[in-house]
Every structure is written in C-alpha cells, then in structure tokens.
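Enquirer: predicted model follows, preceded by the sequence.
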Amino acid sequence: MPLEPIGKLMSAARAGGYAVGYFESWNLESLQGVIDAAESTRSPIIIGFNGDFLCRPERRAAERLAWYGALGLAAAQSATVPVGFIFNECPNDEWVRDAATAGFNLVMPADPAAPYEDYERRVQELTTYAHRFGTAVEAEIGTLPCGASGTTGADGEMTDPELAARFVSATGVDLLAVSVGNVHIKLAGRQDLNLDHLDRIVQRVAIPLVLHGGTGIATDSLQQAIKRGVTKVNYGTYLKQRYLAAVRAALKSDVANPHELLGIGGESDVMVAGRHAVRDAVLERIETLGCCGRTLS
C-alpha cells in the first residue's frame, strides 16, 4: 500500500475513538516485527526512526538518512495495512528538512533546550517547508521528565495550555505532543497521567494530540486519555528492552555455525529472535489503543 497520509490516519482515529501507535524501530528486524504485529491485528500503524539518535555527531559511524527513508517507505508500500512513517524527535533542522523529502510523511522537530521564541520560529519555517512536499509536522510544547537513570527526574515541564494554543496557531503544525505526566525512557513500572491537565489542553488545542513515553503510561489512564482525544501514542523503550533480552538469550546458543545464528532464519537465528520479540511486544500493547481491526478500508 502507499504511505497513508497522516491527516487521514488521525482523522479516522478521532472519528473512531482510538489512537494509532508509533512503535519505533532502529534496524530491519525491529521494523519487520512492528509490521508483523500490525498486519496480524489488522491495525493502522506508524513506523519510523529516532532523528535525535541518528543525527548525533558523536556517533561512531555516520548515518545515511536516505537509507532509512527508503527502508521505511519500502516497508509501508509492501504492508497490507495503512502505514504512516515518522522521522521522530530531531533537534537538527537540516536533518528534518532532508527527512521531509526522503520518504517520511511525518517529521518532528524537537529541541527541548531551545528558547520558546526560537523553537516557534524554527518550527514555523520547517512546517512551511514540509507542507510543500505533503509531509506533516509534529512538534511539542512542554518537556517530559526522563527516567533513564532508573528514577523519574525532576526535569519535566507540563504543557501550558495557553502557550500550546499560541504555538499551534503560529506554526501551523499538524500534531502536538504534550507533557501531562508521561515520562521518557521509563525503565520499569507505569504511572497515571494528569487527566485534568490534559482536559485543559484539549479545550484550547484543536489539532490531534500525541503522548510520547507510552512505555510508562498505565493502561486505564492511557485509555482515558484516548477517550479525551489523544490520537497517537509513542512506544520505544520497552521494545528495545524486549529485543535485547531475546538477542542476549539467543546468543547463549552453543551452535558453532555462524550462518545458523545469523541469516538462515531458523530456530537459532539471533535476527529472528529479535524480530519476534518486537512483534510480541507490540502485540502486548496495541489492543490498548483500540486500533485493532481499524484498517480504514
């Protein structure tokens, strides 16, 4: 199937009272696992890669964005369910511009360290640019606390509803990510959202809302947020946790033939173990979003 327009995915989710999951990938096997799960549940899905990670100058090997764009586009076109494709959370405007024409149909400029006025100006310029090519734009107001240390930090800032409304009006973005008690990289456990604060944002912002940090959001609270109009939920951390656990277990094999461990595709293949782990992890959460069986057609 061709890439599904993000606006169509979000409009259908709003009308149907469900959310579309963005399950982040980082290599071929993880991408295969996400598509496997979406097809088995007949769910619309958003695939993609993390722009913040890919553009970092300290990476030991430079990445070629065009390869990621071509890979995701091929995956979407061969899938039997509707697929959107995001270049997620990138602070580098040049990479965002390149992604807007590299196959992605949703890009997200994100730079929590930038002053508000600077971020608003940059997002407005990037949105104008991306829209020329039919690429949608997601941005964020507010900052999620980080749980990468094992405890939730105090570095988050809840989304200001009035500021969010001003930002959306000034920039013309298509989706807005909000901070309402969700946490980035929460390594264990789940917690409730501040639904009262979410209500205040919903009253002021008309475009589709996004929750990052889906890994750490309690199920009931997430479903309440979807009822209030959240139409996209992002997952990443727990997928990598499951992938790594499966690969580490597979590597304990005493099989001597390297081809059995890499590439043949049998019971001992580490790559298959990773793919299946991601598939199963997506299947654990996707039903919570209410999107199963909602293939738009």
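Expert: Happy to help now that I have it. Everything numeric here is computed off the predicted structure, so don't read it as measured data.
Enquirer: contacting residues for residue 70?
Expert: 102-103 (C-beta atoms under 8 Å, 6 or more residues apart in numbering). Where C-beta positions appear, they are placed from N, C-alpha and C, glycine not excepted.
Enquirer: make it 10 Å
Expert: By C-beta atoms under 10 Å, 6 or more residues apart in numbering, the residues touching residue 70 are 64, 102-103.
Enquirer: cross those residues against helices and list the overlap.
Expert: Under the assignment DSSP state H, these contribute nothing to helices.
Enquirer: for the nearest residue to residue 272 once chain neighbours are set aside, grab phi and psi.
Expert: Leaving aside its chain neighbours, residue 272 sits nearest to residue 265 (5.7 Å; criterion: C-beta to C-beta, 6 or more residues apart in numbering). With angles defined as degrees, to the nearest 10, residue 265 sits at phi 90, psi 10.
Enquirer: can you check residue 186 too?
Expert: The phi/psi pair for residue 186 (degrees, to the nearest 10) is phi -80, psi 120.
Enquirer: relative to residue 241, how far out is it?
Expert: Going from residue 186 to residue 241 by C-beta to C-beta, to the nearest Å gives 11 Å.
Enquirer: what's the answer for residue 206, then?
Expert: Counting by C-beta to C-beta, the gap from residue 206 to residue 241 is 36 Å.
Enquirer: can you check residue 75 too?
Expert: Distance from residue 75 to residue 241, by C-beta to C-beta: 22 Å.
Enquirer: tell me which of those two has more neighbours.
Expert: Ranked by neighbour count (other C-beta atoms under 10 Å), residue 75 and residue 241 place residue 75 first, with 18 against 15.
Enquirer: tell me which element that one falls in.
Expert: Taking DSSP states H and E as the definition, residue 75 sits inside helix 65-78.
Enquirer: can you name the residues that contact the residue nearest to residue 272?
Expert: 271-272, 275.
Enquirer: partner strands of the strand ranked longest in the chain, parallel or antiparallel?
Expert: Criterion DSSP state E: the longest strand present in the chain is strand 83-90. Its sheet considered, strand 83-90 pairs with strand 45-50 (parallel), strand 106-109 (parallel) by DSSP bridges.
Enquirer: how distant is the longest one from the center of its chain?
Expert: Between the centre of strand 45-50 and the centre of its chain there are 5 Å (C-alpha atoms, centre = their mean, to the nearest Å).
Enquirer: kindly export it (C-alpha atoms) in PDB.
Expert: The C-alpha trace of strand 45-50 is given here as PDB (Å, rounded to 0.1, in the frame of the first residue of the first chain):
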ATOM      1  CA  ILE A  45       0.400   1.800  12.300                       C
ATOM      2  CA  ILE A  46       3.100   4.500  12.300                       C
ATOM      3  CA  ILE A  47       6.600   3.200  11.800                       C
ATOM      4  CA  GLY A  48       9.800   5.300  12.000                       C
ATOM      5  CA  PHE A  49      13.200   6.100  13.300                       C
ATOM      6  CA  ASN A  50      14.600   8.400  16.000                       C
END
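Enquirer: packing partners for the next helix or strand after that strand?
Expert: Once strand 45-50 ends, the next helix or strand along the chain (criterion: DSSP H and E) is helix 51-54. If contacts are counted by 3 or more C-beta pairs under 10 Å, 6 or more residues apart in numbering; DSSP states H and E, helix 51-54 sits against helix 65-78, strand 83-90, helix 93-100, strand 106-109.
Enquirer: rerun that using 8 Å as the cut-off
Expert: strand 83-90, helix 93-100 (3 or more C-beta pairs under 8 Å, 6 or more residues apart in numbering; DSSP states H and E).
Enquirer: turn the ones you listed into JSON lines, including mean pLDDT.
Expert: Listed next are those as JSON lines, based on pLDDT from 0 to 100:
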{"stretch": "strand 83-90", "mean pLDDT": "98"}
{"stretch": "helix 93-100", "mean pLDDT": "98"}
